[in-house]
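Visitor: generate a structure from the sequence data that follows.
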Amino acid sequence: MDYSRYLLESLSHSTPVHVLAFGKPSDLPPDAPRLSWTLIDHDEPSRLASVLSHLPNVAYRHKSSAYLQAAITASREVDAIFVDFIGLFGLVAPLREALGENGPLIIPVNHNFEHDVRRQMVLAERSLGMRAALTYDTWKAGNLERAANRIADGLVANTDADARAFARVTAKPSVTISPAYNGPRLAARVIDAQTPRRICVLGNHEAHHKRMVLDQTLTALAAHGIERTCDVDVVGAGDNSEFQARFPGFNFYGYVDDIEAYLQTVRFGLIPDEIGGGFKVRALTHVFQRLPMLAVRHAVQGMGLTANVHYAEAENLDEMSTAIPELLNDFARLNRLQNAAYDHCDDIYDWENRGRSLDLFVRTLLADRA
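Guide: Now for the predicted structure:
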């Protein structure tokens, strides 16, 4: 995950960091001056077998006694242990038991308020069998999420909204560390009639909830015949075969080598996520490549952007589809939106600041313990 990698790199500028991750020795990244790695080989079990476990699917697939033992060994001489993402939250309780209350700080890094995200998935799922499985998995994920953050010494949230959600289930201290941006920035751009009549849906759609979002989006756009008024491109990693068969009027490009050049041929991008919380990292790509955004309500919450100032907002996917034809030709508004978003974000999405904030949070927790 880019968020995890860049956060670790940023933190290592303030303090030494050792990373324990799944992978084969051949995958080992080069050590940086204060960033070192240990990789643990792991074969994921069957996803179906997770039904019999008390752990949600993603945590069951990452359960490993070898990883736990390596984590215990590596943690005996550190000040703090960051347990990154709910897939590893099953480690929190056994780490606390092994290392004791006076051992290193244990700090979960939450990428979402998972229970709420999964409830959205349940409500959107059309298959009764899948809905039952997701309901059970949501219950397990909520239990694990609450337990891990209550056992911990403090927690990291992805957005202020998530931090407030966690405050309802635990009184443990929290810090909000949103993603930042270290990609290329486009100094200036003008969208006009020479820009192709093209919009795009950017981002990978490999995870189940992201495929649900894409399915809902394409269904809504097709119902309004948007593919007949402009080119609609789906760009990003994921198996497109099912969608290509069902939505032949849309363009599916998969991974694009030169994404910066491609985005300059697009009038605006859609952020259609009615499912999924957290921070939309791809929205920063839109901002810094000066691609205006049309987003459904709450899809870019946590970024500090103002609706209809920094991006165009629609209440839902139906309203988004209705808004597209007019926005396509409103060049003054498109340029106003992309300039306002860039100016707003220009100085506040620096990865270096994220590492310093996380280091300060750890030092504060250590001082409070002392």
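Visitor: mean confidence for the longest helix seen in the chain?
Guide: The residue-count maximum for a helix in the chain (DSSP state H) belongs to helix 128-151. Here helix 128-151 scores 92 as its mean pLDDT.
Visitor: just the CA atoms of that helix, as CSV, please.
Guide: The C-alpha trace of helix 128-151 is given here as CSV (Å, rounded to 0.1, in the frame of the first residue of the first chain):
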residue,chain,number,x,y,z
LEU,A,128,-28.5,-12.7,-0.8
GLY,A,129,-25.7,-15.3,-0.2
MET,A,130,-22.9,-12.7,-0.5
ARG,A,131,-24.9,-10.3,1.7
ALA,A,132,-25.1,-12.9,4.5
ALA,A,133,-21.4,-13.6,4.2
LEU,A,134,-20.5,-9.9,4.3
THR,A,135,-22.8,-9.3,7.3
TYR,A,136,-21.0,-12.0,9.2
ASP,A,137,-17.6,-10.7,8.1
THR,A,138,-18.6,-7.2,9.1
TRP,A,139,-19.5,-8.3,12.6
LYS,A,140,-16.2,-10.0,13.0
ALA,A,141,-14.3,-7.0,11.5
GLY,A,142,-16.1,-4.7,13.9
ASN,A,143,-15.2,-6.9,16.9
LEU,A,144,-11.5,-7.1,15.9
GLU,A,145,-11.3,-3.4,15.1
ARG,A,146,-12.8,-2.4,18.5
ALA,A,147,-10.7,-4.9,20.5
ALA,A,148,-7.4,-3.9,18.8
ASN,A,149,-7.9,-0.2,19.3
ARG,A,150,-9.1,-0.6,22.9
ILE,A,151,-6.0,-2.7,23.8
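Visitor: and it, what's buried?
Guide: 133-134, 137-138, 140-142, 144-149, 151 (16 or more other CB atoms under 10 Å). (C-beta placed from N, C-alpha, C; glycine too.)
Visitor: repeat for stretch 190-210
Guide: Buried residues in stretch 190-210 (16+ other CB under 10 Å): 191, 195, 198-203, 205, 209-210.
Visitor: show residues contacting the helix or strand bottoming out on mean pLDDT in the chain.
Guide: When each helix and strand of the chain is scored by mean pLDDT, DSSP states H and E, helix 114-124 comes last, with a mean of 83. Helix 114-124 has contacts (CB atoms under 8 Å, 6 or more residues apart in numbering) with 86, 131, 134-135, 137-138, 141-142, 145-146, 165, 208-209, 212, 216, 274-278.
Visitor: what segments of the chain are strands?
Guide: 17-22, 35-40, 80-84, 105-109, 155-157, 174-176, 198-202, 231-235, 251-254, 268-271, 293-296, 312-314 (DSSP state E).
Visitor: got TSV for the ones you listed, with distance to Ala187 too?
Guide: What follows is these, written out as TSV (distance: least, CB to CB, whole Å):
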stretch	distance to Ala187
strand 17-22	33
strand 35-40	31
strand 80-84	34
strand 105-109	34
strand 155-157	33
strand 174-176	30
strand 198-202	21
strand 231-235	23
strand 251-254	26
strand 268-271	19
strand 293-296	19
strand 312-314	23
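Visitor: tell me which of these sits nearest to Asn329.
Guide: strand 268-271 (11.3 Å; CB to CB).
Visitor: what's that closest one packed up against?
Guide: For strand 268-271, the elements it packs on are strand 198-202, helix 281-288, strand 293-296, helix 317-328, judged by 3 or more CB pairs under 8 Å, 6 or more residues apart in numbering; DSSP states H and E.
Visitor: which stretches of the stretch 1-150 of the chain have low pLDDT?
Guide: Applying pLDDT under 70 to the stretch 1-150 of the chain flags the ranges 1.
Visitor: change it to 50
Guide: Nowhere does the stretch 1-150 of the chain drop to pLDDT under 50.
Visitor: picking up where we left off before, how far off helix 114-124 does the longest helix of the chain point, in degrees?
Guide: 170 degrees (axes from the mean of the first three to the mean of the last three CA atoms, to 10 degrees).
Visitor: show me what helix 128-151 is packed up against.
Guide: Looks like helix 128-151 contacts helix 57-61, helix 92-99, strand 105-109, helix 114-124 (3+ CB pairs under 8 Å, 6+ apart).
Visitor: what residues does the third one touch?
Guide: Translated: strand 105-109. 4, 7, 79-85, 89, 92, 95-96, 99, 148-149, 151-156, 177, 361-362, 365-366, 369.
Visitor: can you select the buried ones from those residues in ChimeraX?
Guide: Listed next is the ChimeraX selection for buried residues among the contacts of strand 105-109, using 16+ other CB under 10 Å:
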select :4,7,80,81,82,83,84,85,89,92,95,96,99,148,149,151,152,153,154,155,156,177,361,362,365
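Visitor: domain parsing of this protein, as residue ranges.
Guide: Residue ranges for the domains of the chain, per automatic domain parsing: 2-176+350-369, 198-345.
Visitor: buried stuff in the least confident helix or strand of the chain?
Guide: For helix 114-124, by 16+ other CB under 10 Å, it's 114-122, 124.
Visitor: again with stretch 64-84
Guide: For stretch 64-84, by 16+ other CB under 10 Å, it's 64, 67-68, 71-72, 75, 78, 80-84.
Visitor: looking at those residues, which is nearest Ser14?
Guide: Of these, the one sitting nearest to Ser14 (CB to CB) turns out to be Ala80, at 12.1 Å.
Visitor: run a quick neighbour tally on the nearest residue to the closest one once chain neighbours are set aside.
Guide: Closest residue in space to Ala80, ignoring its immediate chain neighbours: Leu105 at 4.0 Å, by CB to CB, 6 or more residues apart in numbering. A count of neighbours around Leu105, defined by other CB atoms under 10 Å, yields 17.
Visitor: quick check: Leu105 vs Arg267, distance?
Guide: The gap separating Leu105 from Arg267 is 48 Å, by CB to CB, to the nearest Å.
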